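In: how does the following fold in three dimensions:
(2 chains)
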Amino acid sequence: MGFLAPWFLGGLVAVGLPVWLHLLKKHRSTPQPFSSLMFFEQHLQSSIKHKRLRYLLLFALRTAIVALLALAFAAPFIRRTGVPINRSGAVALVAIDNSLSMRDDGRLDEAKREAKAFVGGLSLGQKAEVMAFGTRMQAMSEVTDDHAALSAAIDAIEPSDAGTSFAELARAARSVARSLNLPINVELFSDMQQTGMPGNFNDLRLNESIRLSPHRVGSKQPNFAVENVIAPRRVYDNKKSRVLVTVAGYGTGKAERTVSLALNGRVTETKTVAVPENGRATVEFLSMDVPHGQNKGEIRIDSADNLPNDDHFYFSVERADPRRALFLHEAGSTRDLLYFNAALEAAGQSAFQIDAAVPEQAANVAPSHYAFVVLSDVGALPAGLERELKNYVSAGGSVFVALGHNSAGVSQVPVSAGRIEGAHYAGREGARFQTADWVDISHPAILADAHWDDVKFYQTIGIAAGGARVVAKLSDGSPLLLDQQVGDGRILVFASTFDNVANDFPLHPTFVPFIERASRYLGRLDSGPPSVSVGAYAELRDALQPGAAVEVLDPHGARALSLEQGAKAQNIQFTEAGFYEIHRPSGPETVAVNADRRESDLTPTSDETVALWRNTSQGSATAAGTTETGERTVPLWWYIMVAVLILAVAESLLGNKHLSVDKEAA
Amino acid sequence: MLQRFLDPDTLASITGLDLVAKTVVDGFVAGLHRSPDFGFSQEFAEYRAYTPGDDLRHVDWNVFARTDRCYLKRYRGETNTQLLILLDTSASMGYGSQEVHKLDYSRFVAASLCYLANLQRDAAGLIVFDEDVVNYVAPSTRQGQLFRLLHAIEKAEPGTRTDFSKPFAHFQNYLHRRGLVIVLSDFYAPPEEIINTVEPLRHRGNEVVLFHVLDPQEIEPKFRDPVLLVDMEDATRSLEVSPEYARHEYRSKIASHIQNLNDAARSAGLDYFLMNTSRPLDEGLREYLSIRQGRM
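Out: You can find the predicted model right below:
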């Protein structure tokens, strides 16, 4: 028996505490005058003696509790001979890495060769299972002693575009060991890529019944890759589109690379870039000549290395015409229109074309022809127009309401049911202006790093939040921006104006992204990424058409889903790089899928890390077929704490018995 | 509302025994004024035809004016009673677990009885004693008698130990007329000894009432821890007592003492009433008087 923390035994000194308490409490009678002792006579001593006896028991309990607590903290343990693990019936788990990096220089072929040699060397009757792994595990065979079937399973492994995840391998090994209830020998055939290691080393842990034998294939090779491409998801003006490419070299020397932009399979532009030694370089393409509709974009480099699959990067781009938005403003007030329009144009992509009008002119306009409608401080609307707008919003339309001095006289926010509580004007006395005290950066209309705190609001309209989402608040806590869902539509209510009079917001850099993002949000223009990685998922259905059939074509043009899946599946996982086409009732969508770029770094994991991983299992020290013996330390603190608990209950019961006298005397 | 003023602790805060007595008795009488049968009252009882020799002062001249006949107006209890209060001021009477100790409570009772007697024009007297007679106010109906009594009661302080035999031997000398004798004490003596000492008073035609004044802590003592009790009448005597003993053995002993004293008093023709100092003052008086009335 030993102690993991023997210095905690010093806590035994605390045993003195109950000793001191009991000495203090013991028989300390205070003299008290009483009218007559006529009836206090015999039996007195026996009563006191009885009491002291009980106190001694209580004292013993308390002492034992303190002593056991000190003992528990000292973490005692005993050494016990471990239950021997007989590895003679161990199952071999042949795990072959088929991630993207294994495509380099025939690594996968080498791994399969070695794996087949290992299977060929298995003794007669020894069982094994073949698995391929990248981001996910894929069982290629059953647990069998048929070595021919195992070899066939190894041959069937195909290269993939997935990344490497050793954590997934460890989890699968633990799961197999638990389900088979047998020792597992994991034979790992991999390039042991460093980027495949998880962030938390604990995810790699192996049970004592699992033994890991890594078989390293390949060696570190220089590799160039298109690391990233930033391209617009939608293009409204070919001349204003821009593509930014990052080219990375891993273990490479200084070199020049040719970067090409291909659209729909045709190279439209080529540039040369100097990539520094083991570094990165960027290339910018300033226009994209794409026709209307869905387009397939691709960036290619001439890497001349052994891993060509990361030398191109796919992205999809949709060419569309700008959508129209209706801007209603008061007659004679054009400053707000000027700033709003300028902000949209400054945003680069002109996704919207603004049609301006005054409310009186808009009486016969059909709002459903517009992506969204802006009501810029229009005060009270004509009843017919307001009714039209309400119907438009209920049917899924969007309205952006800005409130100014014209709104101070009305009691309700136009179209919305929101209540106007009055106007706040900055004066010479007190606070001369307000600021945006709080902004919800999770809202789609707000830029994540937006700085609204230096915007001065001189005039604001007090609005009741009601059930709407408060997106921004002023310094006095009143709402500045509200987002309200009405029916299927959206209403954004801004408690000030866009005219650079009631505030200086239009002069601040945050105004442009706010107007641009708010317009996209209201116009329901999704700004999803132009490409995703292998392993990502895509939603196949929306709430409006839950039962409609969806067709998905993979990069080879084959159907990725069966008919049943096409009618029921909620999402799809992209398993290889290339262009997927998703045909929904609302229209086709092209999704660009790229291989995981972490695979481009072919630096192998160090031997020390692999050794550490192997050591997470205790069964790796001895050779297969032998019987392992070893000593285990069995901690005892748990049993001691149970004893403390029992003693504590006994102490409470005994203590309560004493206190029952006190209760009456109190 | 009135009840609040009759609470012993509240009465203790009133300075002046006369006010205490007035508060108790007035409230007490006010509470009972509808009762047709009440102790020492001077209520009208009946008319009786005049016979020669009757006191002319009691003739109802209104009736005579209307009927030309002489009738005497009779009152209930019109015969003046002599009330003598024996107040024990031994050291043990100074005990109290509350604001009002036993002697205070006894003084309130004595003062109230004196005040009540004064209202009835009864002659009231007082003997204060511990192991000897400490003070004596002879029964009288003279003017100022109430204040003499209240003054004597107010002056009474806890003295030495109790010894019934010596003072009670003296009381025989003070009792010249038959009347009502009320003894206020905690009676810390064997019941037989108490009855033997008090009984002779009864033989002289007196009606004797024992008011046994005890503190709640004496009847049901509650101690949190073991205590060292010191006898108030003999400081050299002390005893360590455990809470368990006080809770069980002592309670049965004191209960047995009270029961024995009650039984012995009744068998000797004495009235006995236990007065717990935690109870409102008029409660004891009311109980005593109603029982007494029932026996008349």
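In: which pLDDT does the model give the nearest residue to residue A:242 once chain neighbours are set aside?
Out: The shortest distance from residue A:242 to any residue that is not its chain neighbour, by Cβ to Cβ, 6 or more residues apart in numbering or on different chains, is 5.7 Å, and that residue is residue A:286. For every residue, glycine as well, the C-beta is placed using N, CA and C. In this prediction, residue A:286 carries a pLDDT score of 88.
In: torsion angles phi and psi at residue A:286?
Out: Recorded main-chain torsions at residue A:286 are phi -100, psi 0, according to degrees, to the nearest 10.
In: buried residues, stretch A:109-119. List them.
Out: With burial defined by 16 or more other Cβ atoms under 10 Å in any protein chain shown, the residues of stretch A:109-119 counted as buried are A:110-112, A:114-116, A:118-119.
In: wait, stretch A:462-470
Out: By neighbour count on 16+ other Cβ under 10 Å, the buried set for stretch A:462-470 is A:462-464, A:468, A:470.
In: closest to chain B out of these?
Out: Nearest to chain B out of those is residue A:464 (Cβ to the nearest Cβ; 54.6 Å).
In: show me which residues of the stretch 301-450 of chain A sit near chain B.
Out: By the rule Cβ under 8 Å from any Cβ of the partner chain, no part of the stretch 301-450 of chain A lies against chain B.
In: would you state the helices of the stretch 301-450 of chain A in chain order?
Out: A:335-346, A:383-394 (DSSP state H, counting those that start in this stretch).
In: distance to residue B:279 added to those helices, as TSV?
Out: Listed next are these as TSV, based on distance: least, Cβ to Cβ, whole Å:
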stretch	distance to residue B:279
helix A:335-346	88
helix A:383-394	79
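In: just put the ones you listed in TSV and tack on mean neighbour count and mean pLDDT.
Out: Compiled in TSV, the helices of the stretch 301-450 of chain A are given as follows (neighbours: other Cβ atoms under 10 Å in any protein chain shown; pLDDT from 0 to 100):
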stretch	mean neighbour count	mean pLDDT
helix A:335-346	18	89
helix A:383-394	18	89
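In: tell me the contacts of the residue of the stretch 251-400 of chain A found nearest chain B?
Out: Using Cβ to the nearest Cβ, the closest approach of the stretch 251-400 of chain A to chain B is made by residue A:380 at 67.8 Å. Contact partners of residue A:380, counting by Cβ atoms under 8 Å, 6 or more residues apart in numbering or on different chains, are A:409-410, A:414.
In: so chain B: which segments form each domain?
Out: B:2-33+B:79-295, B:44-75 (automatic domain parsing).
In: and which of the buried residues of stretch A:109-119 is nearest to residue A:278?
Out: Distance from residue A:278 was checked for each of those by Cβ to Cβ. The minimum falls on residue A:110, at 25.5 Å.
In: can you give me the strands in chain B?
Out: Taking DSSP state E to define them, one finds strands in chain B at B:44-49, B:71-75, B:82-88, B:123-129, B:133-140, B:179-185, B:207-214, B:227-231, B:238-241, B:271-276.
In: reformat those as CSV; add mean neighbour count, mean pLDDT and distance to residue A:504.
Out: Supplementary listing: these in CSV, determined by neighbours: other Cβ atoms under 10 Å in any protein chain shown; pLDDT from 0 to 100; distance: least, Cβ to Cβ, whole Å:
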stretch, mean neighbour count, mean pLDDT, distance to residue A:504
strand B:44-49, 12, 71, 103
strand B:71-75, 16, 76, 105
strand B:82-88, 25, 86, 96
strand B:123-129, 25, 87, 98
strand B:133-140, 17, 86, 100
strand B:179-185, 23, 86, 95
strand B:207-214, 22, 88, 89
strand B:227-231, 18, 83, 83
strand B:238-241, 18, 81, 87
strand B:271-276, 19, 87, 86
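In: turn those into TSV, columns for distance to chain A.
Out: Below are the strands of chain B laid out as TSV (distance: least, Cβ to the nearest Cβ, whole Å):
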stretch	distance to chain A
strand B:44-49	45
strand B:71-75	43
strand B:82-88	12
strand B:123-129	17
strand B:133-140	19
strand B:179-185	11
strand B:207-214	9
strand B:227-231	4
strand B:238-241	5
strand B:271-276	14
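In: could you say what helices and strands the helix or strand containing residue A:247 packs with?
Out: When elements are assigned from DSSP states H and E, residue A:247 belongs to strand A:243-250. Secondary structure elements in contact with strand A:243-250, counted by 3 or more Cβ pairs under 8 Å, 6 or more residues apart in numbering or on different chains; DSSP states H and E, are strand A:223-230, strand A:255-263, strand A:266-275, strand A:280-285, strand A:293-301.
In: chain center to the third one: distance?
Out: Read that as strand A:266-275. The gap between where strand A:266-275 is centred and where its chain is centred comes out at 35 Å by Cα atoms, centre = their mean, to the nearest Å.
In: mind putting the buried residues of stretch A:109-119 into a markdown table with pLDDT and secondary structure?
Out: Supplementary listing: these in a markdown table, determined by pLDDT from 0 to 100; DSSP: H, G, I helix; E, B strand; the rest coil:
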| residue | pLDDT | secondary structure |
| --- | --- | --- |
| A:110 | 90 | helix |
| A:111 | 91 | helix |
| A:112 | 91 | helix |
| A:114 | 91 | helix |
| A:115 | 91 | helix |
| A:116 | 91 | helix |
| A:118 | 90 | helix |
| A:119 | 89 | helix |
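In: ok, back up a step: kindly compare burial across the helices and strands packed on strand A:243-250 and name the winner.
Out: Between the helices and strands packed on strand A:243-250, the one whose residues have the most neighbours on average, counting mean count of other Cβ atoms under 10 Å in any protein chain shown, is strand A:223-230 (a mean of 22).
In: confidence score at the residue lying closest to residue A:38 once chain neighbours are set aside?
Out: Counting by Cβ to Cβ, 6+ apart, residue A:38 lies nearest to residue B:188, which is 5.4 Å off, once chain neighbours are set aside. Residue-level confidence at residue B:188 comes out at 87, pLDDT.
In: ok, how many other residues are close to residue B:188?
Out: Around residue B:188 sit 23 other residues, with neighbours defined as other Cβ atoms under 10 Å in any protein chain shown.
In: can you pull the phi and psi angles for the residue of the stretch 101-250 of chain A found nearest chain B?
Out: Closest to chain B within the stretch 101-250 of chain A is residue A:202: 56.6 Å, counting by Cβ to the nearest Cβ. For residue A:202, the backbone dihedrals are phi -60, psi -20 (criterion: degrees, to the nearest 10).
In: which ones are touching the residue nearest the centre of chain B?
Out: What sits nearest the mean C-alpha location of chain B, by Cα atoms, centre = their mean, is residue B:182, with 4.8 Å. Residue B:182 sits next to B:83-86, B:110, B:113, B:208-209, B:211 when contact means Cβ under 8 Å, 6+ apart.
In: try residue A:243
Out: Applying Cβ under 8 Å, 6+ apart, the residues near residue A:243 are A:229-231, A:261, A:284-285, A:288, A:297, A:299, A:315.
In: pick out whichever of these sits closest to residue A:433.
Out: Checking these against residue A:433 with Cβ to Cβ, the nearest one is residue A:230 at 37.8 Å.
In: what about the spatially closest residue to the closest one that is not a sequence neighbour, neighbour count?
Out: Distance criterion Cβ to Cβ, 6+ apart; nearest residue to residue A:230, sequence neighbours excluded, is residue A:244 at 4.2 Å. As a burial measure, the neighbour count of residue A:244 was computed by other Cβ under 10 Å and equals 14.
In: so what does the most centrally placed residue in chain A have for phi and psi?
Out: A centroid search over chain A (Cα atoms, centre = their mean) returns residue A:536, at 12.8 Å, as the residue closest to the centre. Taking degrees, to the nearest 10, you get phi -80, psi 160 for the backbone angles of residue A:536.
In: how about the closest residue to it other than its chain neighbours, what does it touch?
Out: Beyond its immediate neighbours in the sequence, the residue positioned closest to residue A:536 (Cβ to Cβ, 6+ apart) is residue A:574, lying 5.6 Å away. The contact partners of residue A:574, by Cβ under 8 Å, 6+ apart, come to A:532, A:534-538, A:580, A:591, A:593.
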